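>>> Quick one, fold the following:
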Amino acid sequence: MVAHEVGARVWYGGKEDGCWKIGEVIACAGGGKGDIVVRRSGDAGGQDEPMDSAEASDTVFAVNRGVEEDMTALHHIHEPAILENLRLRALEDAPYTFMGPILVSVNPLRELDESGYECGTARARGPFAIAEIALQQLQLGARSGTGDQSIVIGGESGAGKTESAKRVIRHVVARCHGSEQGNELEERLLQVSPVLEAIGNASTCMNHNSSRFGKYTKVILERRADNQGWCITGARIETYLLEKSRVVFQGPGERSFHILHYLRAAREKLPHLGLDALQPDASPRVGDKDRFDKLCGALATIGIDQDVLFASLAGVLHLLQVEFEGDADAATISSDAEGIERAVQNRNAVAKAIYAGAFEWVLQRLNQSLGGPQDDQGSETPRTPMHFIGVLDIFGFESMQQNSFEQLLINYTNEALQDTFIRQVFEAEVALYKAEGLVMKGADFPPPRASSECVHLFHGVKGKPGLLALVDEVSRAPQPSDEKLNKAMHDSFAGHTCFPRPHPKDIRTTFIVAHYPGPVSYVAEGFIHKNNDQLPERAQQVLSTATNVAVAWGRCSPADTARGPTNARAGAGSESGAGSRRRPRRKVQSIVSKFAVQIKALVETLEATKCSFIRCVKPNVQMQREEGRPWFDRALVVSQLRCLSIEQTAQVLKSGLPTRIPYQSLIDAYAETLPQEALRIWRNLGAGNAREFTKALFWAFDVPHKAYRCGTTRVFFRNGQLSMLDRILEASKVWSCAAPSDAKAQAERKYVIDRFKLYYVRMLWRKCVAKAMAAHHFESRLRYFRARNEAISTIQQRFRAHRVRCTFLLQKAAALEIQCCVRGWRARLEFAARLAEAAQLAQEEAARLAEAARAAKEEAARLEKEAALAEAEKEREKVAAREAEAAAQQVKAEQMLSLTERSRSWIRSPSCSRNSSFVGSIKPGGQGLEPELLAVHVREVTEEDVLPSSSRPQSTRLGSFRGLAKLEARVLQGNRESEQVQSPQETMSLEKCKRIARELFGENAKGVTMAMVEAFREQTYGPFADRVLASRLKSALRESEHERALLKEQKTRLHAQLEDAEQRCWEYKVVAAEREARITELTTRMLDLEADFRERERAFTTSVSKTPLRVPTAAGALSSDEAASLASLVSIIQSQQLQLAAQSDEISRLSRLQQDTQDAKEYMANVLDQLTLDLERERTQAKRNFDFFEQKLREADSELEARDVLIKGLERIVKRKSFPKQVQESLQTSSSSSLSLSSSSLDGSSTSAGVKLVAGPAISGGQAA
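Predicted coordinates:
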């Protein structure tokens, strides 16, 4: 806690917004509100701000006097001090500030003179110093296999991460010169950055050169053959999450990838690509032509075919110029709009796929050009093991106005890296210091905000899928949608600390994740489409046969893509006649699953290496710096410092030891260069102790003790002290290579050997002195203990006599007390046995009840099976009855058909008078139709056309006779019957039939009864009435089938619940059995202890009875025999006293154990009773539930059977009607049309056309009817 004094300059007022102000303490009292008063500096007449001491401890901080290059050297380390130190250094064009081994870089927003940073030397500064430290740690740890290094560069977009990565690689290249071939490799490595920036960077609203992908560059190093340093043998680049969507969409004020604008700017240099036909660049930038020339030079250096790359990217530009137009016809405008939208989506998908393929192809060519040496199969010489320095330049944390799928993955990556940073810097430091026996100054430091909770939200814990797995699962489900995904997220992670609930009005489309910098709101729209990112199959086939290797990359076999454009073109020509065989489609991996695997592998790589960190800071949002205007935004920088945990890191590293080297590595590094005499002294006098060798080495070379600390297995250096090892190594090399005539080198060599020898002589002398002091101390302590033991013996002699007399008198009382305790103990054992027997009986009763439940279940299953068999038998009988009825109806129909044919033949005969009317022919006694045929016609008219007089007017009945006359005319006309149109009075219109059906049946098809059907038949007539009734009956049948399926599903669910209840019953039984076994074990142990106690009691009684007690008869001196007897008696009493004390302790222990056992038995009895009651309650409730649901199922089955009977009866009524031929054809046509329409509605490929083609016959059939 900072002590505030009057006149002290302090920081205050920036706890919330980061806008700290400098003031002066003008009053400092104690004990209450306003005991500290601060006045802002330079504001003599301003308002003072009083505050109490508790508030001042968190909001008022002391001001440092100077500016430090390493912030761990600041006298006061807190947020305003770090902020002010960074600001002052940035204003002085010194943007690089160390914080122990961590570098904090403030983007200077302009080019700086780097000549003073000494790039390529051992005295490098700034980001070059981080690379130098990584090289030194790699050299020292290479022998022990722990030399691999990683440099993690983090920060927001626009903070300068890419530039820092380029400086790190440039320093490594400068420090590790190799052969002529190695120089070419180093040149190609330096040209990688311009190529990757051109194809992977773009201009955003936050940064004009923002990396839209992450990359991890591994520079592979190998020790030279002469052991004079390291050389670069290769490099590899791994990329993460290229933002392909930027090819087709850019936000306001943003641009696409740089290379696409370069091609537009240099179109006159590439006339064969036809770029002049493109629309003018909407956002040109000065210098694109020069950058294009620089890009061409880098591609030529690396060896990438420019024609292949530029041709593929020009295809993307031409493809994006394609526009689609639709038809203005109102009948097809909806399908055209849908087709246009689908075409645009497919065009964008193809453009993104081509660009991503070109990006992957360029990356493959880069890795191939930078690859390390190949293994020689025939060489017997083992190769020197290689190590690498990895540079991670990945996208920073993003929180925009509208965050989508890409921002979620980017922020997930930053969460994983922040978690790795916390483990490596904080948790690993503390654990290592404790393991090595080092003590940190200032034990308690506020830890940074951990990212483990948010990482667990993304990954999932305890078998529960995380957020990424949920996105992938919903995307793979049938008919996925963004709404389903958003709802699944809120249902799965409701209540999670890192998944707060958004505002109710936004909960349907958004979700919030609480990241370590703060909460971020994401819009779920587009997540499914972006995650699947599938290319249409036809486009996939076309691109796989492309002659351009960059376009076809990743879509054909690796052998085809490796052949290059010429071979690919030849292969396409040779396989064209074969029809381009289709390869089996691979299972497409989603973006989320692929990205999660990549980030997991990256984190594992970082944790397996020694990491160094560069934390980049953006000074302002506009990314502009103008002279005379403030460009360092305090609030923005404070928010970034809090996100990067800079303050807590500085506090830990100030008292820490960031550089650590194993002892064995030091011995391996310096054993070959040190003088042999010094090594002989170490082996002879130091016994090969590595820790003592390190101490002797540092003492011989005058290394100050405060610069290092020796742990158990390694030596720890303070920040910046690692360079002393290089000085020692260089001095050793000079001595080992110096000639005997070099007096100075020999003098220094002798000086080091003498100090090395002197250290071990002093160490041996200290050991001798320590041994002498220890011996003297031991002798004095030995004399003291002997005198004390003699005094103790004298006291014991006198005290034992008194204690024996007192103890002997109490033995009887003790024996009686013991007997009482033993009897009580036996009684309790018997009670415990009875309790165990009762528990066993309860267990047997529980088993019996379980057996009864199982028997009841089997009986229920048997009854259910019998009921199912009986139901099946009833169904078979019903089917047989229906078949018999159908056969009878068919016979009846054949008879009626035969009678109708006979009537037609009779009418056409000459004996029938054509002029006589049909009405007259049915008069009594008249000459006309035969009686049998007349009955047929009268029956047909009565059943189909004539309704009861109570429900039809008189005109309708007359119309029926007119219909009979027309029927007579149709019979006379013969085959022209289908050409006549019935009278309006004979047939009721379709609209009227539908209206009557709605009035009777309603809109719900489930409420159709026999009474409704009869009422409908009474109020309607004609073929349209039959069609409407048939349609209603079909709907009722479908609803009944659906209800039957639902009831079956409910029955299955009820059976599952019953099985779960039975499973819980069995689990209760298992718990009861385990507890009963524990009671039995405790009882057995008590019986064993009782037997042991009885044996000891019997031995004690025997020893007392065998030893007689002799008492002297006179008061004089004892004889020799009496003295011997008395001495033996005293010894026996002493032994018996010890045995009695031990037995008393054992009895007390047994009493406590018995009481514990009794309590445990009582507890187990209560638990067993409770389990029995719970088991019985569960069984009773399960039985009630089963009976209840069985009753519900029986009622549902009865209802279904009744509905089936009703529907089948209605079907028989409909089938019994004999419709005219044209009506039947119309019904069949309309049924087939409706089926075709239903099937066509399911086909998404032809919507409107399918409706037009199928609906035509239905309309014509209805008109014909």
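
>>> domains in this structure, as residue ranges please.
1-63, 95-374+384-404+596-618, 416-559+588-595, 659-842, 1021-1097+1147-1213 (the TED database).

>>> Could you tell me how many residues sit around the closest residue to Glu187 other than its chain neighbours?
Nearest non-adjacent residue to Glu187, counting by CB to CB, 6 or more residues apart in numbering: Thr301, 6.2 Å away. For the C-beta atoms, the positions are set from N, CA and C on the backbone; glycine is no exception. When counting by other CB atoms under 10 Å, one arrives at 17 neighbours for Thr301.

>>> which residues sit in contact with Thr301?
Thr301 sits next to Glu187, Arg188, Gln191 when contact means CB atoms under 8 Å, 6 or more residues apart in numbering.

>>> per-residue confidence for Leu409?
Model confidence at Leu409, given as pLDDT, is 91.

>>> meant to ask about Ser256
Note for Ser256: predicted pLDDT of 91.

>>> For Thr713, see how far away Glu436 is.
7 Å (CB to CB, to the nearest Å).

>>> Which neighbours do the two have in common?
By CB under 8 Å, 6+ apart, no residue touches both Glu436 and Thr713.

>>> residue boundaries of the strands in the stretch 1001-1150 of the chain?
Under the criterion DSSP state E, counting those that start in this stretch, the stretch 1001-1150 of the chain contains no strands.

>>> all helices of it, in order?
Taking DSSP state H, counting those that start in this stretch as the test, the helices found in the stretch 1001-1150 of the chain are 1010-1019, 1023-1106, 1120-1216.

>>> and Thr510, which of those helices is closest to it?
Each of these has some distance to Thr510 by CB to CB; the shortest is helix 1023-1106, at 34.7 Å.

>>> angle of that closest one against helix 1120-1216?
Helix 1023-1106 runs at 170 degrees relative to helix 1120-1216, counting by axes from the mean of the first three to the mean of the last three CA atoms, to 10 degrees.

>>> for helix 1023-1106, packing partners?
If contacts are counted by 3 or more CB pairs under 8 Å, 6 or more residues apart in numbering; DSSP states H and E, helix 1023-1106 sits against helix 743-908, helix 990-1001, helix 1010-1019, helix 1120-1216, helix 1221-1242.

>>> need the contact list for Ala774.
Counted by CB under 8 Å, 6+ apart, Ala774 has zero contacts.

>>> I'd like to know how far it sits from Thr413.
Distance from Ala774 to Thr413, by CB to CB: 60 Å.

>>> Pro502 too?
Applying CB to CB, the value for Pro502 to Thr413 is 23 Å.

>>> same deal with Ile82?
Going from Ile82 to Thr413 by CB to CB gives 26 Å.

>>> now Glu49
43 Å.

>>> ok, these two, which is more surrounded?
Between Glu49 and Thr413, Thr413 has the larger neighbour count (other CB under 10 Å), namely 23 against 17.

>>> Report whether the expected contact of that one with Lys600 is present.
No. Under the criterion of CB atoms under 8 Å, Thr413 is not in contact with Lys600, lying 11.0 Å apart.

>>> How about the residue positioned nearest the centre of the chain, nearest residue that isn't a chain neighbour?
Compute the mean C-alpha point of the chain, and by CA atoms, centre = their mean the closest residue is His459, 2.3 Å away. Once flanking residues are discounted, His459 sits nearest to Gly466: 4.6 Å by CB to CB, 6+ apart.

>>> what's the answer for Ala159, then?
Distances taken as CB to CB, 6+ apart put Cys616 closest to Ala159, at 3.5 Å, once the chain neighbours are dropped.

>>> So what does that neighbour look like in phi/psi?
The phi/psi pair for Cys616 (degrees, to the nearest 10) reads phi -90, psi 140.

>>> what's across from it in the sheet?
Beta-bridge partners recorded for Cys616 (DSSP bridges): Ser105.

>>> Would you mind listing the residues in contact with it?
Cys616 is in contact with Ser105, Val106, Asn107, Ile153, Gly154, Gly155, Glu156, Ala159, Gly160, Lys161, Ser164, Gly396, counting by CB under 8 Å, 6+ apart.

>>> how about 7 Å then?
Counting by CB atoms under 7 Å, 6 or more residues apart in numbering, Cys616 makes contact with Ser105, Asn107, Ile153, Gly154, Gly155, Ala159, Gly160, Lys161, Ser164.

>>> Let me have the residues you listed in a markdown table, extended by distance to Lys992, pLDDT and neighbour count.
Listed next are the contacts of Cys616 as a markdown table, based on distance: CB to CB, whole Å; pLDDT from 0 to 100; neighbours: other CB atoms under 10 Å:
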| residue | distance to Lys992 | pLDDT | neighbour count |
| --- | --- | --- | --- |
| Ser105 | 86 | 91 | 25 |
| Asn107 | 82 | 89 | 23 |
| Ile153 | 81 | 91 | 26 |
| Gly154 | 78 | 86 | 22 |
| Gly155 | 78 | 84 | 25 |
| Ala159 | 78 | 86 | 26 |
| Gly160 | 82 | 87 | 25 |
| Lys161 | 79 | 88 | 28 |
| Ser164 | 84 | 90 | 25 |
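
>>> what's stretch 703-714 in contact with?
Contact with stretch 703-714 is made by 436-438, 657, 660-663, 691, 694-695, 698, 715-718, 721, 724, as judged by CB under 7 Å, 6+ apart.
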